[in-house]
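> Following is a predicted model, sequence given first.
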Amino acid sequence: MGDILSQNEIDELLRALNTGEIDVQQMQATGQEKKIKNHDFRRPSKFAKDHLKTLNIIHENYARLVTNFLSGYLRTLVQVDVISVEPLSYYEFNNSISNPVILAVVDFTPLSGSIILEMAPNVAYALIDRILGGKGTSMEKVRGFTEIELAIVERIIIQILNLMREPWENVIAIRPRLEKIETNAQFAQIISPNEIVALVTLSARVGEVEGMINLCIPHMVVEPIVSKLSTKFWFSTVEKETTKETKHTIESKIEYTKVPVRAILGRTVISVNEFIELMPGDVIPLDSSVNGDLEILVGDLLKFYAKPGVKKNKVAMKVSEIVRREED
């Protein structure tokens, strides 16, 4: 329903028409104007803003995992961050790649189809140099990769692809698998050039070397789960109320869980020479007293003190004190 004018507004409108402040023909022309939105039929928008936002959240978690892994693996400062997530055609992505380059074609099981992980040459060279004992510097002159260098890069890519499973688990349990590595973009045509993809751009810093790592995710690959690529679905799966049935099931399983229990009779320190010369009948003094309490470990935690004894012809321990202390 349109807006209803009051009597004062009607009177003001008539006064403006009479004085010429408002032109009736201009008002009619303005009312007939329609808002026109351009639509490119060759590149229809398939990724909504909500989908791109969810992909950004997923790959922010992924970037953090890659940062932690590479920092420990290379023993040097590595920082990976998400720069942008944007939709574009596969032709535009493929046309922006310079040769040589590292293009990893990744099978995105259980989804049908493949995605592409692109690694800039300077980042790849820095990784190779660091693994081979260098400081992680890049090559001064860009050249092709040798078979040994590709084997090293392949090993790293397999490792970082396995890190994708955790960030994606709230959407789908993926099992990414490296199919092949290409160094020429012409040999990595996985979909039609006009297909829409989501390009996730990551900035990678390895020591003093900076470069880009791109993830090209075709829409046709994630189309079966595109409804799950929404922030509403994302947060609804994170926060769920625990029911009484769930608590009861967990408690019943914990009650019958077996844990190792050990009694520590005592401890001592001897030299290797003394250990080698031990013979049957030798006595090793321990640090515990004959009448003292012994430590009882549940798993690796000290939970009880007890006194040794015998029950039904079996060695037994009688609990004398409970250690009520949380794990540090």
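Done, it's in.

> residues in contact with Ala173?
Taking Cβ atoms under 8 Å, 6 or more residues apart in numbering as the contact definition, Ala173 lies against 110, 165. (C-beta placed from N, C-alpha, C; glycine too.)

> Reduced to three states, what does it come out as?
Under DSSP: H, G, I helix; E, B strand; the rest coil, Ala173 falls in the coil class.

> Helices along the stretch 201-328 of the chain, start to end?
All helices of the stretch 201-328 of the chain, identified by DSSP state H, counting those that start in this stretch, fall at 219-222, 231-238, 244-255, 272-276.

> wait, which of those helices is closest to Ile322?
Closest approach to Ile322 among the helices of the stretch 201-328 of the chain (Cβ to Cβ): helix 244-255, 18.7 Å.

> For the closest one, the averaged confidence score.
When pLDDT is averaged over helix 244-255, the result is 79.

> what comes up buried for it?
Applying a neighbour-count criterion of 16 or more other Cβ atoms under 10 Å, one finds nothing buried in helix 244-255.

> Distance to Arg15 for the helices of the stretch 201-328 of the chain - can I get that in JSON lines?
As requested, those are exported to JSON lines (distance: least, Cβ to Cβ, whole Å):
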{"stretch": "helix 219-222", "distance to Arg15": "57"}
{"stretch": "helix 231-238", "distance to Arg15": "51"}
{"stretch": "helix 244-255", "distance to Arg15": "71"}
{"stretch": "helix 272-276", "distance to Arg15": "110"}
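
> pLDDT below threshold where in the stretch 101-250 of the chain?
Applying pLDDT under 70 to the stretch 101-250 of the chain flags the ranges 231-242.

> and if we set it to 50?
Scanning the stretch 101-250 of the chain with the threshold set as pLDDT under 50 gives 238-239.

> And for Asp11, the neighbour number?
Neighbouring residues of Asp11 were enumerated by other Cβ atoms under 10 Å; the total is 11.

> ok, now the one 3 residues further on?
As a burial measure, the neighbour count of Leu14 was computed by other Cβ under 10 Å and equals 11.

> any idea how far it is from Ala104?
72 Å (Cβ to Cβ, to the nearest Å).

> ditto for Leu13
Using Cβ to Cβ, we find Leu13 at a distance of 67 Å from Ala104.

> Same question for Lys258.
When Cβ to Cβ is applied, the distance between Lys258 and Ala104 equals 44 Å.

> sorry, back to before: with Ala124 as the reference, name the closest of the helices of the stretch 201-328 of the chain.
Between Ala124 and the helices of the stretch 201-328 of the chain, the shortest separation by Cβ to Cβ is 24.4 Å, and it involves helix 219-222.

> State the distance from Leu215 to Ile157.
Spatial separation of Leu215 from Ile157 under the definition Cβ to Cβ is 12 Å.

> ok, now Leu74?
The span separating Leu74 from Ile157 equals 14 Å under the rule Cβ to Cβ.

> can you check Thr67 too?
According to Cβ to Cβ, Thr67 and Ile157 sit 16 Å apart.

> Check the burial of the closest residue to Ser112 other than its chain neighbours by counting its neighbours.
Sequence neighbours aside, Val221 is the residue nearest to Ser112 in space, at 7.1 Å (criterion: Cβ to Cβ, 6 or more residues apart in numbering). Val221 has 20 neighbouring residues, counting by other Cβ under 10 Å.
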